[in-house]
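Visitor: how does the following fold in three dimensions:
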Amino acid sequence: MVGTVIWRATGDHAATEDLAQETFLRAFRGLPRFDGRAKLSTWIYTIAHRVAIDHLRQAGRWRETGMDDAGANALDSVSADDLGPEAAVEQEELAQLVRGQLAELPDKYRLPLVYAAIDGLDHDAIGAALGVPPGTVKTLVFRGKQMLKARVMAVLRTRCLV
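Guide: Down below sits the predicted model:
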């Protein structure tokens, strides 16, 4: 879970292990301050997200892109074996298009959308990780979906005209 959170936020495979280790060190050091009423997984998830964001800020690349193949399994819901060859190719092209456009969304919208739609986290957990109220998360996810749909539709329209 920690590695996934870090990788989705940074897109940096090389740094994921080091940042995961930093996450667990921070969690261990902060254990006396852990509020037992909260879920441990949400607390660690929040630490992992903050470690990833700190890494991006230190590297000077609090970025707007870079998810590569993140969430490929979630986007590819139908097996290629269930489709004919042409349909399988079309589905893969569409999945690549969606992944590419998702990667280009601003982090403000991309991260909550990925955490909700691909990682399956609830709005409370996402809000805790991002430090925003659950209602704000709901709004960010909704707007992220709208932006993603608009981007994908624009590319599809362009392809149909060419």
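Visitor: what about residue 116, neighbour count?
Guide: Using other C-beta atoms under 10 Å, residue 116 is surrounded by 21 other residues. Where you see a C-beta, it was placed from the backbone N, CA and C, and this is true even at glycine.
Visitor: state the helix or strand in which the residue lying closest to it once chain neighbours are set aside lies.
Guide: Of all residues beyond its chain neighbours, the one nearest residue 116 is residue 141 (4.8 Å), with distances taken as C-beta to C-beta, 6 or more residues apart in numbering. Per DSSP states H and E, residue 141 falls inside helix 134-161.
Visitor: need the contact list for the residue nearest to residue 116.
Guide: Applying C-beta atoms under 8 Å, 6 or more residues apart in numbering, we find residue 141 in contact with 112, 113, 116, 117, 123, 126.
Visitor: show me the helices in this protein, by range?
Guide: Taking DSSP state H, the helices of the chain run over residues 2-10, 13-30, 40-58, 72-75, 85-103, 107-113, 123-130, 134-161.
Visitor: just give me the lowest mean pLDDT stretch among the ones you listed.
Guide: Of all these, helix 72-75 carries the lowest average pLDDT, namely a mean of 43.
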